[in-house]
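Novice: sequence plus the predicted model coming up.
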Amino acid sequence: MDWVTTSTVLDRLGRNDDRSMWDRFMTRFQRPIRALAMKLGLSSAEAEDVVQETLVAFLEGFRAGKYRREVGRLSSWLFGIAYRQAANARRRRAGAKEKPVAGDNRTAFWDHVPEESDVSQAWDLEWERAMLESCLECAKAEVAPTTYRAFEMIVREGRSPDDAARETGLSRDAVYVAKHRMLKRLAELTKEFEETEPS
């Protein structure tokens, strides 16, 4: 699947029901939502429901003009929606079985749900991981296997340029070029992943 910027994905989803764009949208943003839901104690099946509900709510809000880039990052807005959907899923699971805690308006159920502010750091980490994996997948498809492997060995595995040169058959200079080329492309892709201005 060719790389499409987040701006393009959102712009096309905002104007019509494009199934291919919905698939890209899902692929790009489902991982951090699923991870958040599971950190909040939901089962795998419940987490999948939260993914669907979050992305549908996100799209509806986006189409209604509720997301404004100048107010905050896309990831922050998506996090707020995901947190509420996960909390709603927990509430549905608890049903009417939870009883109020004496002397408190909360329930024992809610005492075990982390505060939104406490979960946001974990969300940021999952968002960064999802963004990196999407960008790496795209960059890998754009270069020769030896170029990607040299980059992977040096940057991701912490191995020496000499090791990378021996394994890939590239010269030491070519290994440095591969690393530089990949880092530059990842920076471009990351910007496109985070960029949310309509095209």
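Specialist: That came through, no problem.

Novice: switch to C-alpha atoms for all contacts and neighbour counts from now on
Specialist: Noted.

Novice: so which helix or strand takes in Glu133?
Specialist: Using DSSP states H and E, Glu133 falls within helix 116-142.

Novice: list the buried residues of that helix.
Specialist: 119-120, 123, 126-127, 130-132, 134-136, 138-140 (16 or more other Cα atoms under 10 Å).

Novice: among these, which pair sits farthest apart?
Specialist: Val119 and Lys140 (31.6 Å; Cα to Cα).

Novice: all helices for the protein, in order.
Specialist: With DSSP state H as the criterion, the chain has helices at 6-15, 19-39, 44-63, 74-94, 108-111, 116-142, 145-151, 161-168, 172-194.

Novice: quick one: mean pLDDT for the last one?
Specialist: Predicted confidence along helix 172-194 averages 91 (mean pLDDT).

Novice: and it with helix 161-168, angle?
Specialist: Between helix 172-194 and helix 161-168, the angle comes out at 90 degrees (axes from the mean of the first three to the mean of the last three Cα atoms, to 10 degrees).

Novice: quick check, distance from helix 172-194 to the centre of its chain.
Specialist: 20 Å (Cα atoms, centre = their mean, to the nearest Å).

Novice: which residues touch it?
Specialist: Contact partners of helix 172-194, identified using Cα atoms under 8 Å, 6 or more residues apart in numbering, comprise 5-7, 74, 131-132, 135-136, 139, 147-148, 150-151, 154-155, 161-162, 164-165.

Novice: neighbours of Arg69, just the number please.
Specialist: Arg69 has 12 neighbouring residues, counting by other Cα atoms under 10 Å.

Novice: quick check: it vs Asp118, distance?
Specialist: Going from Arg69 to Asp118 by Cα to Cα, to the nearest Å gives 24 Å.

Novice: and for Asn88?
Specialist: Taking Cα to Cα, one finds Asn88 at 18 Å from Asp118.

Novice: cool, and Gly65?
Specialist: 28 Å.

Novice: same question for Thr27.
Specialist: 26 Å.

Novice: most tightly packed of the helices of the chain?
Specialist: Among the helices of the chain, ranked by average contacts under mean count of other Cα atoms under 10 Å, first place goes to helix 145-151 (a mean of 22).

Novice: output the lowest mean pLDDT helix or strand found in the protein.
Specialist: helix 108-111 (a mean of 46; mean pLDDT, DSSP states H and E).

Novice: quick one: contacts for the closest residue to Ser75 other than its chain neighbours?
Specialist: For Ser75, ignoring the flanking residues on the chain, the nearest one in space by Cα to Cα, 6 or more residues apart in numbering is Trp127 at 7.2 Å. Trp127 is in contact with 31-32, 75, counting by Cα under 8 Å, 6+ apart.

Novice: low-confidence ranges in this protein?
Specialist: Residues of the chain that meet the criterion pLDDT under 70 lie in 1-2, 4, 17, 70-72, 94-117, 195-199.
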